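1. Starting from these lines, generate the structure:
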Amino acid sequence: MALAAYIEGLVSGTALPRFAWEDWKCRDYYMWDPPEGFLEQVSDAAAVGLMLASGAWIAARMNRVDPDPMPDYALRAGWAFMLEPESCFYYEPNDNDWRGPVRAPMSIMAVIAMDALYCRDADPEVRIRTHWMANLARYVLEDDAETFDAWFNWAADRLARVHPRSEMPKLGLFDVPVRFEPVVGRDVFVPETDYDPATARSSLYNWLMQGDRDNPFIDFSELRP
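-> Predicted coordinates for the structure are as follows:
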């Protein structure tokens, strides 16, 4: 089963959200430090993949009440970055267009993703963005938060087995990582789905090339299998 279909099947909320929301204090809903040792057993690429997959839960929930394509575009651009950084265009939503308890979480989701991809010169630790994305997902999912948590914990355990921290490339003292390698495929986030890390790159490439080519955040000419 494809990741999007799997998540859609688990998200039950269809009505307007009930959670409290104030745009001016939105950071209080998700932005705090991760616990000690958070995702320490997985590679950077795996942490980013888990962040993007967690963002898909937010998109699935909010698209039930606002079908704006931006969240999906931003997440797909993140997967394109995983494959080839030059294929992804940086995007920062206009706050005036993304306010309130439905549209603001979608905007924050995109900001967290883009921050993880493009702001590593200031803070190279990607796991904190994964933590923020998971916190935001729990908050907006309401009745589905426990379902999300069960999936997140399962996914982290699977990633530790198939994409362990030992995969991370060795960097020099002054090196800034540009690529997330080895590539992490989307199938790893779907239970009872066969996953082969050796085919993750080609699988991700095929998924991107078969999708919507109108995505304004992806330069498809830069993608390579």
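
2. low-confidence ranges in this structure?
-> Counting by pLDDT under 70, the chain has low-confidence residues at 170-177.

3. which ones are touching the residue nearest in space to the middle of the chain?
-> Nearest to the geometric centre of the chain sits Leu52, at 1.1 Å (Cα atoms, centre = their mean). Residues in contact with Leu52 (Cβ atoms under 8 Å, 6 or more residues apart in numbering) are 75, 78-79, 82, 113. For every residue, glycine as well, the C-beta is placed using N, CA and C.

4. Looking at those, which is nearest Arg165?
-> When those are ranked by distance to Arg165 (Cβ to Cβ), Met82 comes first, at 17.0 Å.

5. do you know how far that closest one is from Asp95?
-> 27 Å (Cβ to Cβ, to the nearest Å).

6. what do you get for Arg158?
-> Note on Arg158: its distance to Asp95, by Cβ to Cβ, is 36 Å.

7. which one of these two has more residues nearby?
-> Neighbour count, other Cβ atoms under 10 Å: between Arg158 and Asp95, Arg158 has more, with 18 against 11.

8. So the nearest residue to Ala134 once chain neighbours are set aside: helix, strand or coil?
-> Nearest non-adjacent residue to Ala134, counting by Cβ to Cβ, 6 or more residues apart in numbering: Ser54, 5.0 Å away. Secondary structure, DSSP: H, G, I helix; E, B strand; the rest coil: Ser54 is helix.

9. contacting residues for Ser54?
-> Applying Cβ under 8 Å, 6+ apart, the residues near Ser54 are 130, 133-134, 137, 148, 152.

10. hang on, the earlier thing: now intersect the contacts of Leu52 with the helices, please.
-> Here DSSP state H is the test, and the contacts of Leu52 give 75, 78-79, 82, 113 as lying in helices.

11. What about the contacts of Ser54, which are in helices?
-> Those of those lying in helices (DSSP H): 130, 133-134, 137, 148, 152.

12. In this structure Tyr90 contacts Met114, no?
-> Yes. With contact defined as Cβ atoms under 8 Å, Tyr90 reaches Met114; the gap is 6.0 Å.

13. between the two, which one's more packed in?
-> Set Tyr90 next to Met114 and count neighbours by other Cβ under 10 Å: Met114 wins out with 22 against 11.

14. Disregarding residues adjacent in the polypeptide, which is nearest to Asp115?
-> Computed as Cβ to Cβ, 6+ apart, the closest residue to Asp115 that is not its neighbour in sequence is Arg129, at 5.9 Å.

15. isn't the one you found right up against Arg120?
-> No. Using Cβ under 8 Å, Arg129 makes no contact with Arg120, being 9.6 Å away.

16. So for those two, which residue has more residues nearby?
-> Taking other Cβ under 10 Å, Arg129 and Arg120 do not tie; Arg129 has more neighbours (25 against 16).
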